[in-house]
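>>> quick one, fold the following:
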Amino acid sequence: MSRRRKKEDHEEHIDESWLIPYADLLTLLLALFIVLYSMSSIDAKKFQALSEVFNEVFTKGTGMMEYPNPINQDNAVTFEEEEEDQNNEPDQEYDQVADMQELKSLQEKIDSYITNNDLDDMLETTLSEEGLLLLIRDNVLFSSGSDRVRQEDLVIANEISQLLEINPPRNIIISGHTDNVPIGNANFESNWELSVMRAVNFMKILLGNESLDPKWFSAKGFGEHNPIAPNDTEQGKAQNRRVEILILPRKQGDI
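The predicted structure is shown next:
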């Protein structure tokens, strides 16, 4: 009787031991399904969080069901989308660098023209994020109170037009500026009107170059409202009387 009872106790112990590997198998299967599911919609941070959960499970024996789902479906990003974003960013950065380098090369070309023709007291270039700016000072193009380009300055205007032959073309803005002295003739009621007509008439001279496409050009007039120097001295007023050519950076769809 005693031998039979020991045998039954031994059999009951053997029957319970299969639960341990079975539970481990279920845990591994659950982990596998979660990994397969999460691989389709997870970013690097979520993957790290999921990795930490698995590390806790397999090193410390903590049950999987004690952890919340580390994947927030509202913020999930698929691997395909993330890879596409990463591929696009370097291209966009390269385009911007190449565009600025192109403007820098154009600036060097214009600066070389200025130096070779001793025009430093008439023309000046500046390169910034807004684009390449060519400033034409007061002692070029126009007589006082006039919006007509002087005959003796047509050569410079035509040569500038050749410098603006850019391939592929860029948007170019011509702007006129004056000092704050009120206009004193019957042709214009304000400096604003004078500055507009100076920009327009100078642009017409430039577009006499058939290599330039008018659709890339526009004209503005600021009057005395965008000074670059104080108007309380004759030198400051002379600096404010100017025409500017702004060659813009390219944007997607320009070409």
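
>>> spit out the contact partners of Asn185.
Gly145 (Cβ atoms under 8 Å, 6 or more residues apart in numbering). The C-beta positions use only the backbone N, C-alpha and C, and glycine is treated the same way.

>>> that one and His225, how far apart?
Distance of Asn185 to His225, given as Cβ to Cβ, to the nearest Å: 20 Å.

>>> for Ser128, same thing?
Separation of Ser128 from His225 (Cβ to Cβ): 20 Å.

>>> ditto for Val35
Val35 is 65 Å from His225, where distance means Cβ to Cβ.

>>> over to Phe217?
Relative to His225, and taking Cβ to Cβ, Phe217 is found at 22 Å.

>>> these two: which is more packed in?
Per other Cβ atoms under 10 Å, whichever of Phe217 and His225 has more neighbours is Phe217, with 18 against 12.

>>> leaving out sequence neighbours, find the closest residue to that one.
Among residues not flanking Phe217 along the chain, Ile172 sits closest, at 5.3 Å (Cβ to Cβ, 6 or more residues apart in numbering).

>>> isn't there a strand covering Lys220?
Yes: assignment of Lys220 by DSSP: H, G, I helix; E, B strand; the rest coil places it within a strand.

>>> what's the burial count for it?
Neighbour count of Lys220, defined by other Cβ under 10 Å: 16.

>>> surely it is in contact with Val200?
No: using Cβ atoms under 8 Å as the test, Lys220 is too far from Val200 to be in contact (9.5 Å).

>>> between the two, which contacts overlap?
Residues touching both Lys220 and Val200 by Cβ under 8 Å, 6+ apart: Ile174.

>>> and Ser146, how many neighbours?
Look at Ser146: counted by other Cβ under 10 Å, it has 16 neighbours.

>>> now do the contacts for Leu133.
Contacts for Leu133 were tallied using Cβ under 8 Å, 6+ apart; they are 125-127, 244-247.

>>> in CSV, list the residues you listed along with secondary structure.
Below are the contacts of Leu133 laid out as CSV (three-state DSSP):
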residue, secondary structure
Thr125, strand
Thr126, strand
Leu127, strand
Glu244, strand
Ile245, strand
Leu246, strand
Ile247, strand
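
>>> now, among those residues, which is nearest to Leu29?
Ranked by distance to Leu29 (Cβ to Cβ), the contacts of Leu133 are led by Leu127 at 63.0 Å.
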